[in-house]
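S.K.: Task: produce atomic coordinates for the following.
(2 chains)
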Amino acid sequence: GAVVSQHPSWVICKSGTSVKIECRSLDFQATTMFWYRQFPKQSLMLMATSNEGSKATYEQGVEKDKFLINHASLTLSTLTVTSAHPEDSSFYICSAPSEDRRSYEQYFGPGTRLTVT
Amino acid sequence: KQEVTQIPAALSVPEGENLVLNCSFTDSAIYNLQWFRQDPGKGLTSLLLIQSSQREQTSGRLNASLDKSSGRSTLYIAASQPGDSATYLCAVSSSWGKLQFGAGTQVVVTP
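M.R.: Numbers count the residues shown, from 1 in each chain, chains lettered A, B, ... in the order given. The predicted structure is shown next:
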């Protein structure tokens, strides 16, 4: 089956620094990937849609200058949290849709736990 | 705006009992509905995907139904086991690729 990986699986950083999270589709191509955020005890919320070769589209309320998304290839999307603050501490999960667009199936990465101190 | 609600928020059952998890959504114009399992601190495991044209899907002890007109889905887990303890999330897709998640049902199966 299709596999999506994320790196790192967890990261601790100091307030004010930037953190990059990678999302890779390992055995299929993904022209589009999605980034979700999950705060403790809450459900996943879609942050943005990452588009290969073009700008990402952000959901309402998500700061595009703070969460930089780069989809540089058909298998890699990166999310950079710039000038991170403790309130950015969360679980970040990416997903990539099936190459068969008729199926609407999504494959999720294992997630990245970000803690900002 | 699509809203997804899961009831109950938490559920504790003894081993062997059947589990019934409910999911409702406000906009019936969906492409599909998915059920996921999430273990503490982990990512998502896809359990079942029901296309909008389908009424149910089955996989082993799991069965999920979909009534799109009434905006409801139910996940049944037969003969629960302690290993079934996790949070179960339902999500609907109203536009390609984007999923709207419910808050989840936290399940504990006691031996």
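
S.K.: Can you spell out which residues form a bridge with the closest residue in space to residue B:51 that isn't next to it in sequence?
M.R.: Sequence neighbours aside, residue B:32 is the residue nearest to residue B:51 in space, at 5.0 Å (criterion: Cβ to Cβ, 6 or more residues apart in numbering or on different chains). Where you see a C-beta, it was placed from the backbone N, CA and C, and this is true even at glycine. When bridges are taken as DSSP bridges, the partners of residue B:32 come out as residue B:51, residue B:93.

S.K.: what residues does chain A put near chain B?
M.R.: A:6, A:32, A:34, A:42-46, A:49, A:91, A:93, A:95, A:97, A:101, A:103-111, A:113 (Cβ under 8 Å from any Cβ of the partner chain).

S.K.: Can you turn the buried part of those into a ChimeraX selection?
M.R.: The buried subset of these, as determined by 16 or more other Cβ atoms under 10 Å in any protein chain shown, is captured in ChimeraX by this line:
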select /A:6,32,34,43,44,45,46,49,91,93,95,97,104,105,106,107,108,109,110,111,113
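
S.K.: What about the residues of chain A next to chain B, which are in strands?
M.R.: Mapping the residues of chain A next to chain B onto strands (DSSP state E) picks out A:6, A:32, A:34, A:44-46, A:49, A:91, A:93, A:95, A:97, A:106-108, A:113.

S.K.: Out of those, which is nearest to residue B:98?
M.R.: Using Cβ to Cβ, residue A:46 comes nearest to residue B:98 of these, at 5.8 Å.

S.K.: Can you give me the separation between that closest one and residue A:96?
M.R.: 14 Å (Cβ to Cβ, to the nearest Å).

S.K.: so what sits against both of those two?
M.R.: The contact sets of residue A:46 and residue A:96 overlap at residue A:34 (Cβ atoms under 8 Å, 6 or more residues apart in numbering or on different chains).

S.K.: Relative to chain A, how far out is the residue nearest to residue B:7 when sequence neighbours are not counted?
M.R.: Once flanking residues are discounted, residue B:7 sits nearest to residue B:22: 4.9 Å by Cβ to Cβ, 6+ apart. Per Cβ to the nearest Cβ, to the nearest Å, residue B:22 is found 15 Å from chain A.

S.K.: Residue B:22 - how many residues pack around it?
M.R.: Using other Cβ atoms under 10 Å in any protein chain shown, residue B:22 is surrounded by 15 other residues.

S.K.: Next, residue B:84: phi, psi?
M.R.: Main-chain dihedrals, residue B:84, degrees, to the nearest 10: phi -80, psi -10.

S.K.: pLDDT score for it?
M.R.: Looking at residue B:84, its pLDDT is 97.
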